[in-house]
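> This is a predicted model, with the sequence first.
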Amino acid sequence: MTRIRVLSAALTSGALVLLSVAAHAALSSATDAKVVFDATGPAGLGIEGTTSDLQAAESNGNLTLTVNLTRLTTGIGVRDKHTKETYLQVPTYPTTVLVVARSALAVPTGDQKAEATVPGTLTLHGQTHPVSVHYDAKRDASGIVVHGGFHVNMNDFGIQVPSYLGVTVKPGVEVHATFHVVGD
């Protein structure tokens with residue numbers, strides 16, 4: 001159940017990185033990625049899933065972030081298995097993809113931080129829907145550090161809401177990511 005959220009997080013993270021680099025340089029790599037999804041349930045139940053498996057590419061005026069879902073982890077093996085096999089159906093849908101128009105991205109200049117909310121398109125579980133991605137980006141000695149996030153509803157992507165032993169998580173998932181981007 002948390003795998004779905006991790007997937008969304010990864011996609012969001014990739015898009016954020018691409019967005020911040022896009023205005024002034026061609027994207028050559030995204031490193032030090034950490035994508036986190038937060039799912040909640042009753043009585044304060046919180047589930048966090050993470051991955052660092054994010055690929056970024058630039059083509060035809062778009063930045064595309066692809067997350068390989070096979071490496072999502074929640075810290076509990078049985079929950080990981082259920083998330084991947086039952087809910088995200090990773091054997092059928094092994095990746096999730098976030099696409100953002102390069103022209104929509106603000107790029108930081110000097111020591112100024114760039115921050116914006118931009119439209120994107122998320123493909124998850126074989127379905128594609130618009131998402132709103134909020135990010136901030138700041139230059140460092142070797143590139144740009146990007147932080148970003150978005151909200152995704154599992155119901156919108158045809159994903160069964162996870163439930164185990166009578167405990168059901170909410171369909172809304174928060175996805176957050178941090179990346180370091182290097183451009184040409």
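Alright, I've got the coordinates.
> Quick check: mean pLDDT of the helix or strand where residue 39 lies?
Under the criterion of DSSP states H and E, residue 39 resides in strand 27-40. Mean pLDDT, computed over strand 27-40, is 72.
> any idea which helix or strand comes after that strand?
Downstream of strand 27-40, the first helix or strand assigned by DSSP H and E is strand 46-51.
> what's the angle from that next one to strand 27-40?
Taking axes from the mean of the first three to the mean of the last three C-alpha atoms, to 10 degrees, one finds strand 46-51 and strand 27-40 inclined to each other by 160 degrees.
> Mind giving me the packing neighbours of the strand holding residue 39?
Contacts defined by 3 or more C-beta pairs under 8 Å, 6 or more residues apart in numbering; DSSP states H and E place strand 27-40 against helix 2-22, strand 46-51, strand 54-59, strand 62-68, strand 172-183. For every residue, glycine as well, the C-beta is placed using N, CA and C.
> Strand partners (parallel or antiparallel) of the fourth one?
Which is strand 62-68. strand 54-59 (antiparallel), strand 95-101 (antiparallel) (DSSP bridges).
> Mind listing what's buried along the first one?
Along strand 54-59, these residues count as buried under the neighbour rule (16 or more other C-beta atoms under 10 Å): 54-56, 58.
> And for stretch 40-49?
41, 47-49.
> With distance to residue 109 as added columns, please give those residues in JSON lines.
Formatted as JSON lines, those follow (distance: C-beta to C-beta, whole Å):
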{"residue": "41", "distance to residue 109": "43"}
{"residue": "47", "distance to residue 109": "38"}
{"residue": "48", "distance to residue 109": "34"}
{"residue": "49", "distance to residue 109": "34"}
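> nearest to residue 132, of those?
Top of the list for closeness to residue 132, among the buried residues of stretch 40-49 and by C-beta to C-beta, is residue 49 at 21.0 Å.
> Correct me if wrong: that closest one contacts residue 69.
No: because the distance of 10.1 Å does not satisfy C-beta atoms under 8 Å, residue 49 is recorded as not touching residue 69.
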